[in-house]
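*Asks:* Build me a structure from this.
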Amino acid sequence: MIVGAIIGIIYLVAITAAGIGIWERGVGAKVYLTTVTIAVAIALFVAWHRPEDDVLSIALGIVFTLALGLTAALLGWAAFSSLGIIGDGGFASEFARSIRDDSDYQVRKKLHDMEVEVGDILKFGKLNGKEFGKADGSPIYWRVLDVQDNRAFLLAEQYVGRMAYQHDAGNIGVTSAHPWVGANDLRAWLNDDFLKSAFDDDERARLSLSDENDYVSCLSTEEAERFFKSAEERRIGYIYEQRQNRLAGMKSELESLGDEGNLLGKAKAAKRKKELQQAIKHENESGGWWLRPTGSMILQKRIPYVSSDGSINYEGKHAAGTMYVRPSIWIITKFE
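*Replies:* Numbers count the residues shown, from 1 in each chain. Next up, the predicted model:
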């Protein structure tokens, strides 16, 4: 009895939460949910109600039939939206949007259509996080990689952070055969902290879910190959040049450290050489940006990335290591 009551309460909470998410879709969703829920509930109550029922039985019957009516309405919404009859992207995207930010759907109605072409550079969002020790609010620039119907695929023209793919690398691939959809600190950060800090309400309302059910993601190795014809196109120019200048300066200083005439000088030179060698090694290892691994990679702990020179490193870096983050997003360009 107690177990049944607990299951019933959990069921009621779940369908109520789902119903609230759909309810926020607008007037049409409100009319649909109310009509279907009440119609089904009345039909079921009339069919099951007995004249001799007491007040408690009647009250429980009303709750039970309303719950079934709401369930029928939600199943209908899922079926109709997946067929494109209602909603703008099927039940999964509608529900994901509802639990992410209920206001987005209404904000979208106020947004203007955009005319974009592959190769365009857009300003979208701001660097409001603290990944680099400051929150200066500077704009984020994005390159248009692809345009499909009413959506465009964008890649950041700059780094927005630097972090490990997964701090506890032991979890990589253990919770899922797909290491991006499974345990992944990078994915969680992009779709939570970065999403909330970088984009305002209007911008979040323009975001569209990817095939992996993300609003913010990273390029896959296949996408890094497909959208760029060369390593030079894949690298970020000014960042690459800065890194090359840093490496050149460190290598020049390393070569200039000769044999000193006294023990103190030799000790200082040896210490500086070690520091420079470590700095050069670190620069070579961490100058690139993470890619999204694809396919079955159970227990794989090395994640592919793009080196600072634009080449793709398929062998990858250990997931617990740090790399720069260059996110990708799908945005809605035209609202129907």
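*Asks:* you'd agree Leu155 is up against Leu145?
*Replies:* Yes - the pair Leu155 / Leu145 is scored as a contact, 5.4 Å apart, by C-beta atoms under 8 Å. From N, CA and C alone the C-beta is placed, and that goes for glycine too.
*Asks:* what touches both of the two?
*Replies:* 227, 328 (C-beta atoms under 8 Å, 6 or more residues apart in numbering).
*Asks:* What ranges does the stretch 1-150 of the chain have for its helices?
*Replies:* Taking DSSP state H, counting those that start in this stretch as the test, the helices found in the stretch 1-150 of the chain are 2-23, 27-48, 55-82, 90-100, 104-108.
*Asks:* State which strand of the chain is the longest.
*Replies:* Determined from DSSP state E, the single longest strand within the chain is strand 138-148.
*Asks:* Packing partners of that one?
*Replies:* strand 121-127, strand 151-156 (3 or more C-beta pairs under 8 Å, 6 or more residues apart in numbering; DSSP states H and E).
*Asks:* Which of those comes out lowest on mean pLDDT?
*Replies:* In terms of average pLDDT, strand 121-127 trails the rest of the helices and strands packed on strand 138-148, at a mean of 84.
*Asks:* neighbouring contacts of it?
*Replies:* Outside strand 121-127, the residues that touch it by C-beta under 8 Å, 6+ apart are 116, 135-144, 154, 157, 160, 198-199, 203, 329, 331.
*Asks:* For Thr294, see how far away the nearest residue to Leu207 once chain neighbours are set aside is.
*Replies:* Closest residue to Leu207 in three dimensions, ignoring its sequence neighbours and counting by C-beta to C-beta, 6 or more residues apart in numbering: Tyr215, at 4.6 Å. The gap separating Tyr215 from Thr294 is 19 Å, by C-beta to C-beta, to the nearest Å.
*Asks:* same deal with Thr71?
*Replies:* According to C-beta to C-beta, Thr71 stands 36 Å off from Thr294.
*Asks:* For Pro139, grab the count of nearby residues.
*Replies:* Neighbourhood size, Pro139 [other C-beta atoms under 10 Å]: 12.
*Asks:* For it, give the beta-bridge partners.
*Replies:* Beta-bridge partners for Pro139, by DSSP bridges, are Lys126.
*Asks:* next one: the one 5 residues further on
*Replies:* When assigned by DSSP bridges, Val144 has beta-bridge partners Leu154.
*Asks:* Surely it is in contact with Arg151?
*Replies:* No - contact criterion C-beta under 8 Å: Val144 and Arg151 do not qualify, at 10.8 Å.
*Asks:* Which one's more surrounded, those two?
*Replies:* The neighbour count for Val144 versus Arg151, taken as other C-beta under 10 Å, is higher for Val144 (18 against 15).
*Asks:* pLDDT wise, what is the more buried one at?
*Replies:* At Val144, the pLDDT value in this model is 92.
*Asks:* sorry, back to before: higher neighbour count, Tyr215 and Thr294?
*Replies:* Remark: of Tyr215 and Thr294, Tyr215 carries more neighbours, 22 against 15, as counted by other C-beta under 10 Å.
*Asks:* Contact partners for that one?
*Replies:* 100, 191, 195, 204, 207-209, 329.
*Asks:* from the residues you listed, which single one is nearest Ala320?
*Replies:* Asn191 (20.3 Å; C-beta to C-beta).
*Asks:* Give me the pLDDT value at that closest one.
*Replies:* Asn191 carries a pLDDT value of 92.
*Asks:* and it, backbone torsions?
*Replies:* Asn191 adopts backbone torsions of phi -90, psi 10, taken as degrees, to the nearest 10.
*Asks:* Tell me how far the nearest residue to Glu115 once chain neighbours are set aside lies from Phe227.
*Replies:* Leaving aside its sequence neighbours, Glu115 sits nearest to Thr333 (C-beta to C-beta, 6+ apart; 7.6 Å). Relative to Phe227, Thr333 is positioned 18 Å away (C-beta to C-beta).
*Asks:* Ser328 too?
*Replies:* Counting by C-beta to C-beta, the gap from Ser328 to Phe227 is 10 Å.
*Asks:* for Ala79, same thing?
*Replies:* For Ala79, the distance to Phe227 equals 36 Å [C-beta to C-beta].
*Asks:* Of the two, give the one with the bigger neighbour count.
*Replies:* For Ala79 versus Phe227, neighbours defined as other C-beta under 10 Å are more numerous around Phe227 (17 against 12).
*Asks:* Give the full set of residues in contact with the more buried one.
*Replies:* 145-146, 155, 219.
*Asks:* returning to that earlier point: so which of the helices and strands packed on strand 138-148 gets nearest Ile7?
*Replies:* Nearest to Ile7, of all the helices and strands packed on strand 138-148, is strand 151-156, at 40.6 Å by C-beta to C-beta.
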